[in-house]
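Enquirer: Structure here, sequence nowhere to be found:
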């Protein structure tokens, strides 16, 4: 007697009447210009070339489109492996005969692999589902293209309709499976229960706005946007030979002496520039308005300011909230230095990566430079002994986030709340055998919560003492001073920021 599982497998391998009937109806359609278009589409989707091209176009737009492209391509890779190396091997099925469709539709090179399931349909469904998860509008816009790719396999006579249906289902499942390791980005701004008083800044009158044209794309100067939002604001451009914090502080003092005094600070730049201006705003008690103009804009995204209109409306209505800042005191050979950070601070491999990236950037674009720097640093990383919260440990790196980040795995990407009064502390131990290999395995299997090499804690404060000399601290992607002792603190509602 045949086992039930084998009977089901045999049923999938057979071609039933519904498949033959639908194939016949497709073959009976009259010849039109759509025949050539569908042939071109099906060829362009070979080896997922079409989806790589679409991903390149989306990635160039940045933001949610770039995330849609990345998840789409990741989903295609997973779906292709599942379809070609698993499903096709386990469920071999003959393809339709070449004579099933008219001569003008037939492909010059017919595939010889198993017909079930359709790899083209799997890739199309995987890419669109992945894109939809990150950007619903992008996913919906790509649906017609995906449907055309899927149907083209039946139209050209190389797949049965159920092959296409099974491939599409496999692609959707593969895309959702990526969420196990790769959480979907959440665009919702961080919550805060602390409303703050801030003056109405009509046209930016009595505002000092720092504009950094070097942030993000050098060809995209944010000055016109700042002028549109705050036409009466005084603009200040960073002087590369002067510390930006000192430059802002000196300008505020000059305006105070000559009048009228500065009532608010504005900034248009990336996270590094925003961090510098925010530190001055926290020290002086001035409210901060920001226009995201960098490459990543992590802080602006968490705060909920995504563009110039968001900043313009918030300042015109005096709508502001109080949010936490991170503070670190660095004790080193040149004395004690105090720094604020709006996103993260770290010790170990990350500061070295930033320094190397800046060196490579002199000859290469920013994104490739960051990738090259990361690979080099990871290859030659060395552990260092520390005392964390009074306990001795050997670590590869220490990460401190301003606020509690999500998810709690290795890839923190957002802050659900901006007023927790806590720091997100994460570090990777090096005193466990094969710690890096075990760490990678834990990331792949998503078992970091049970890993012996990875630690995560939410704390109001943390003291870190280096036991092997001095190291540089990185805050918000910028390299800081040398230090041996680092005292991290969360400062609740230290910054007043305009937000709708």
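Expert: Alright, I've got the coordinates. Predicted model only: the values in this text are computed from it and were never measured. Numbering: from 1, shown residues only.
Enquirer: What sits closest to residue 101 if chain neighbours are left out?
Expert: residue 157 (3.5 Å; CB to CB, 6 or more residues apart in numbering). Yep, even glycine has a C-beta here, placed from its N, CA and C like the rest.
Enquirer: And for that neighbour, the neighbour number?
Expert: Other residues within reach of residue 157 by the criterion other CB atoms under 10 Å amount to 22.
Enquirer: try residue 393
Expert: The local packing of residue 393 (other CB under 10 Å) involves 19 other residues.
Enquirer: Now the residue nearest to it when sequence neighbours are not counted. Its backbone dihedrals?
Expert: The shortest distance from residue 393 to any non-neighbouring residue, by CB to CB, 6+ apart, is to residue 386 (5.8 Å). For residue 386, the backbone dihedrals are phi -140, psi 170 (criterion: degrees, to the nearest 10).
Enquirer: for residue 386, which residues make a bridge with it?
Expert: When bridges are assigned using DSSP bridges, the partners listed for residue 386 are residue 393, residue 466.
Enquirer: neighbours around it, how many?
Expert: Residue 386: 22 surrounding residues under other CB under 10 Å.
Enquirer: thinking again about what came up before, can you tell me the helix or strand for the residue nearest to residue 101?
Expert: Per DSSP states H and E: residue 157 is located in neither a helix nor a strand.
Enquirer: List the contacts of it.
Expert: The neighbourhood of residue 157, defined by CB atoms under 8 Å, 6 or more residues apart in numbering, consists of 23, 27, 96-98, 100-101, 105-107.
Enquirer: returning to that earlier point: ok, so what distance separates the residue nearest to residue 393 from residue 333?
Expert: As defined by CB to CB, to the nearest Å, residue 386 lies at a distance of 18 Å from residue 333.
Enquirer: sorry, back to before: dihedrals phi and psi, the residue nearest to residue 101?
Expert: With angles defined as degrees, to the nearest 10, residue 157 sits at phi 80, psi 20.
Enquirer: how far away is it from residue 26?
Expert: 8 Å.
Enquirer: Quick check: neighbours shared by those two?
Expert: Contacts common to residue 157 and residue 26, judged by CB under 8 Å, 6+ apart, are residue 101.
Enquirer: ok, back up a step: just the contacts of residue 157: which are in helices?
Expert: Counted as lying in helices by DSSP state H, out of the contacts of residue 157, are 23, 27.
Enquirer: List only buried entries from the contacts of residue 157.
Expert: Neighbour-count burial (16 or more other CB atoms under 10 Å) applied to the contacts of residue 157 gives 23, 27, 96, 100-101, 105, 107.
Enquirer: would you turn those into TSV with pLDDT?
Expert: As requested, those are arranged in TSV below (pLDDT from 0 to 100):
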residue	pLDDT
23	87
27	87
96	90
100	84
101	86
105	89
107	87
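Enquirer: Identify, from those, the entry nearest to residue 206.
Expert: Looking at those and their distance to residue 206, the nearest is residue 107, at 69.3 Å (CB to CB).
Enquirer: what residues are up against that closest one?
Expert: Residues counted as contacts of residue 107 (CB under 8 Å, 6+ apart) are 39, 42-43, 156-158.
Enquirer: Understood, closing this out.
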